[in-house]
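In: would you be able to build a 3D model of this:
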Amino acid sequence: MKKTCYTLLFIFLACCAIAQTRTIRADLTQVAGKKPAMFNECVGAGRANEGLRADWQQQLAEVQKDMGFRYIRFHGLLNDDMQVYKIDKEGKQVYNWQYIDKLYDYLLSIHIRPFVELGFMPTDMASGTKTVFWWKGNVTKPKTYELWEELIRRLVSHFQDRYGKAEVEKWYFEVWNEPDLGGFFAGTQADYFELYGHTAKAIKSVSPTYRVGGPATSAVKWIGDFLTYCDDHKLPVDFVSTHDYATTSVLDEFGLKKQRLKPNADSVAQDVEKVRKQINASGFKNAELHFTEWNTSPSSRDPMHDTYQNAAFILNVLKKAAPWPNSMSYWTFTDIFEEAGAGPTSFHGGFGLLNLQDIRKPTYYAYKFLNELGSQELKTNDPTSIICKQGKNVQALFWDFTFPTKDYNQIAFSKIQPPTDKVPVNLQLTHLTNGKYRVEVYRVGYRMNDPYSQYLDWGKPAYLSVAQVNELKAQSTGKSISVVNVTVSNGSYHQQFPIRSNDIYMVKLIWKGR
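Out: Below you'll find the model as predicted:
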């Protein structure tokens, strides 16, 4: 009896020890497949005219260096501030591509292609006067579809002449933005479908190999109706695009709605899967799926965007959604974003990975780490980790995801949010090549590459001094927290890491030879 009690006590203590660690295992011989490309296939920006600014271009170049996005999407390509179309004093139509050329030339020079959103309506072609945002994007239909088709044909033909057919074949042409919302489109669903048909016809008239898609709706709406309409009317759909956010409100230009995270933290990933299945069941099962906008919140005044919790939330969604889309375009790469006018303070809940002063937010590193993962993803037992290899090098990205708040975002994230300690992570890698490695460890979380918490400590100043900007940049460099040299002699690497709620780790094992 006494022996049985000791045995049970040993088993109990052993179970407690196991429960007090989180073990992540990966065997380098067990490859799950290629690392998904959807992480950095596309990124968003506010509007085309902002892309002519030097600071916008400098920030995009920095993002490209660290993240390697392949496409970028923004509103307002056909807005009046891009000067693409007008009727002159003599009543003649004038087309002008010079601003678009300067912007697209720059994008291609840093190896990022345009994901072309076609909108909004040039004033001299518009059927009405309704606009959106302070920069007055006209959201009405064209006066006639003949005028609209001619504009699209000329624009796409110009792209072909300037950049070559082989290049433009790699682009995407998306028709409009969120036509399901009255703020973005002064028409019905039927009106949008008609607009889509005329636009697709114009694009394909230049080359049937150019890719066109839509409906670019909010909250994954209209997908089934759109696919049925296009099938019934023999319209091309090379890709399906839509948007999704993790909060309960949609269009919130001025941040006046109370944004609250949906109680189901997996809602975005589940929506991605749902849309992919809708496409698979349609007459366009080979169409690509692009979520051309997504983030935690659709408000450019939501403080969650500035937080370390946002970064962990983003990783959680991307990992779970990875099997389904061709891209998930983070909205947006920069706080140089003016739908509601310029951001009123240095940290104001803007969408960006960088704020106006070039300070990197925690989510910047979530995307940087994803880009630094090797090309082959390994099988792992842990759902909040991604482990990859590239040659003999190994990269382990893991994080804690703890649902950050049940309160309204504006309330919860306007004050300091300390984390809680979680059980340590035990990283176990097997079947490595024996030899010497340099092990670099990077960490993001509360007070670690977390400039927003310091900003809150200072009382949310309306303006940052030069010294304060420099201090915040110094707190968010993304530098490694440790670098050690190890020798692997039995094909195994084991290391334990302390972790707190919504912490992120990147561990790199860099082969140095025998």
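
In: next SSE after the longest strand along the chain?
Out: With secondary structure taken from DSSP state E, the chain has its longest strand at strand 22-34. In the C-terminal direction, the helix or strand that comes right after strand 22-34 (DSSP states H and E) is strand 42-47.

In: packing partners of that following strand?
Out: For strand 42-47, the packing partners by 3 or more Cβ pairs under 8 Å, 6 or more residues apart in numbering; DSSP states H and E come out as helix 54-67, strand 71-75, strand 288-295, strand 327-330. No exception for glycine: its C-beta is placed from N, CA and C like everyone else's.

In: contacts only, for residue 262.
Out: Counting by Cβ atoms under 8 Å, 6 or more residues apart in numbering, residue 262 touches 246, 247, 248.

In: the second one against residue 295, yeah?
Out: This means residue 247. No - under the criterion of Cβ atoms under 8 Å, residue 247 makes no contact with residue 295, lying 9.1 Å away.

In: and these two? Which one has more around it.
Out: When residue 247 and residue 295 are compared for neighbours, residue 295 comes out ahead with 28 against 22, by other Cβ atoms under 10 Å.

In: so where is the stretch 1-150 of the chain shaky, pLDDT-wise?
Out: Across the stretch 1-150 of the chain, the ranges flagged by pLDDT under 70 are 1-19.

In: nearest spatial neighbour of the most centrally placed residue in the chain, skipping sequence neighbours?
Out: Compute the mean C-alpha point of the chain, and by Cα atoms, centre = their mean the closest residue is residue 330, 1.7 Å away. Of all residues not flanking residue 330 in the chain, residue 43 sits nearest, at 5.4 Å (Cβ to Cβ, 6 or more residues apart in numbering).

In: repeat for residue 202
Out: When the adjacent residues along the chain are set aside, residue 202 lies closest to residue 152, with 3.8 Å between them (Cβ to Cβ, 6+ apart).

In: do you know how far that neighbour is from residue 312?
Out: Look at residue 152 and residue 312: by Cβ to Cβ, to the nearest Å, they are 42 Å apart.

In: more neighbours: which of the two?
Out: For the pair residue 152 and residue 312, the greater number of neighbours falls to residue 312 (26 against 23), based on other Cβ under 10 Å.

In: so the residue nearest to the centre of the chain sits against residue 41, correct?
Out: No - using Cβ under 8 Å as the test, residue 330 is too far from residue 41 to be in contact (10.5 Å).

In: and residue 467, that's in a strand?
Out: No - the assignment for residue 467 is helix, going by DSSP: H, G, I helix; E, B strand; the rest coil, so no strand is present there.

In: all further residue positions should be reported with the first residue as 29.
Out: Yes, from this point I'll number from 29; that puts the last item at residue 495.

In: any idea how far residue 103 is from it?
Out: Relative to residue 103, residue 495 is positioned 36 Å away (criterion: Cβ to Cβ).

In: for this structure, give me the ranges with low pLDDT.
Out: Applying pLDDT under 70 to the predicted model, the residue ranges of the chain that meet it are 29-47, 277-285.

In: so which residues of it form helices?
Out: Taking DSSP state H to define them, one finds helices in the chain at 30-47, 82-95, 126-137, 173-191, 193-196, 217-234, 251-260, 295-308, 336-349, 390-400, 437-440, 479-485, 494-502.
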